[in-house]
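1. Give me a model of this one.
(one chain, ligands or ions: 1)
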Amino acid sequence: MLHRRLALASTLALSLTVALPAVAQQKWDLPTGYPASNFHTENIIQFSKDVEKATAGKLKITVHDGGSLFKANEIKRAVQGGQAQAGEIIISGYSNENPVFGVDSIPFLATSYADAQKLWQASRPVTEAHLAKQGLKVLYAVPWPAQGIFSAKPLASAADLKGAKWRAYNPNTSRLAQLIGAQPVTVQAAELTQALATGAVNAFMTSGATGYDAKVWEQVKYYYDVSAWLPKNLVIVSQKSFDALDKPSQDALLKAASDAEARGWKISQEKTTWYLDQLKKNGMTVDPGSAQLKADLRKLGETMIAEWAKQAGADGQTILDAYRK
Ligand code: PCA
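-> Prediction:
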């Protein structure tokens, strides 16, 4: 009996030692919808290098840029479904699932980096709780530069956008199009250049970063730097994949994520002017926007904040109270 137990114990010990190297290295895929040259993508690459180094190669994250593995709008579902362990998403793209996810894309609620940071701190717990219910864990968040209006023709007021073919990238930008009297067409950033070339769209709001990535100056000559909101990308991981890591790897991952968050906010802010300079260099008119245009947008922003507060209910109130404190 004792002999058999010993034999069993040694078989177990043997299978454990044999099994260990197999679980010791984890390989993850991290799809993103944005191009290699984009500052978010560069930051993710740095993050993946930091993780590999800090875990001595035990966790290797392969970054797939430009929607090459999954299109931008498919990434969240892929991570939820386990087809990818991690991924980058624009959280406001999912405000139809939960209005809380759209709080960073309401015109003129938070328009500076300081306010965007405050809004993130106010909305982070609720955002994380809702994502956790979907089996997702937030690694870090980084904002895009402030959103302005790109237009093929000059704009004196919001009325000049009536009937425009308006490119949207989330439900809030679609709603804004409706309020403006434009026709919303959802187009992911990776398809923006083509949508412009074919004339599918002729006006939209985004950052100088995406204007630069998509080389929009071929078709679009005007940029109105109204700084309406700073939407955020989140790098997420499935809780299941996270739990499969050993404790030192989890700690290394979270440390690299918190570094990436700090670095990303800094680079986003630092590159804002550089992006606008590139638009100018390529022949675009970069203008702060007329008082009328800004007043019109502010009014639409007020409508959208009221609509959002109603939809987001108690969660929304919690966020707004924490933000305005
Ligand atoms: N670029 C992304 C989202 C916001 C931004 O600045 C895009 O246009 O799709």
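2. Are we agreed that Glu88 is in a helix?
-> No. Going by DSSP: H, G, I helix; E, B strand; the rest coil, the assignment for Glu88 is strand, not a helix.
3. Would you mind stating the distance between it and Phe39?
-> Taken as C-beta to C-beta, to the nearest Å, the spacing of Glu88 relative to Phe39 amounts to 12 Å. All C-beta atoms are positioned from the backbone trio N, CA, C, and that covers glycine.
4. Looking at the two, which is more packed in?
-> Under the neighbour definition other C-beta atoms under 10 Å, Glu88 and Phe39 were set side by side, and Glu88 has more, 27 against 21.
5. quick one: contacts for the most centrally placed residue in the chain?
-> The structure's the chain has its C-alpha centroid closest to Asn233; by C-alpha atoms, centre = their mean the separation is 1.6 Å. Taking C-beta atoms under 8 Å, 6 or more residues apart in numbering as the definition of contact, the neighbours of Asn233 are 34, 40, 88-91, 141-144.
6. beta partners of it?
-> When bridges are assigned using DSSP bridges, the partners listed for Asn233 are Ile90, Val142.
7. distance of it from the ligand?
-> Using C-beta to the nearest ligand atom, to the nearest Å, one obtains 8 Å as the distance from Asn233 to the ligand.
8. Please tell me how far that residue sits from Trp120.
-> 12 Å.
9. Likewise for Lys58?
-> For Lys58 relative to Trp120 (C-beta to C-beta), the value is 30 Å.
10. and if you look at Thr111?
-> Going from Thr111 to Trp120 by C-beta to C-beta gives 14 Å.
11. one step back: quick one: which of Lys58 and Trp120 has more around it?
-> When Lys58 and Trp120 are compared for neighbours, Trp120 comes out ahead with 21 against 17, by other C-beta under 10 Å.
12. Quick check: the more buried one touching Val142?
-> No. Under the contact definition of C-beta atoms under 8 Å, Trp120 does not touch Val142, with a separation of 9.7 Å.
13. so what sits against both of these two?
-> Common neighbours of Trp120 and Val142, using C-beta under 8 Å, 6+ apart, are Lys232.
14. near the ligand, which residues of the stretch 51-200 of the chain show up?
-> The stretch 51-200 of the chain comes close to the ligand at residues 90, 144, 169, 189, as judged by C-beta under 6 Å from any ligand atom.
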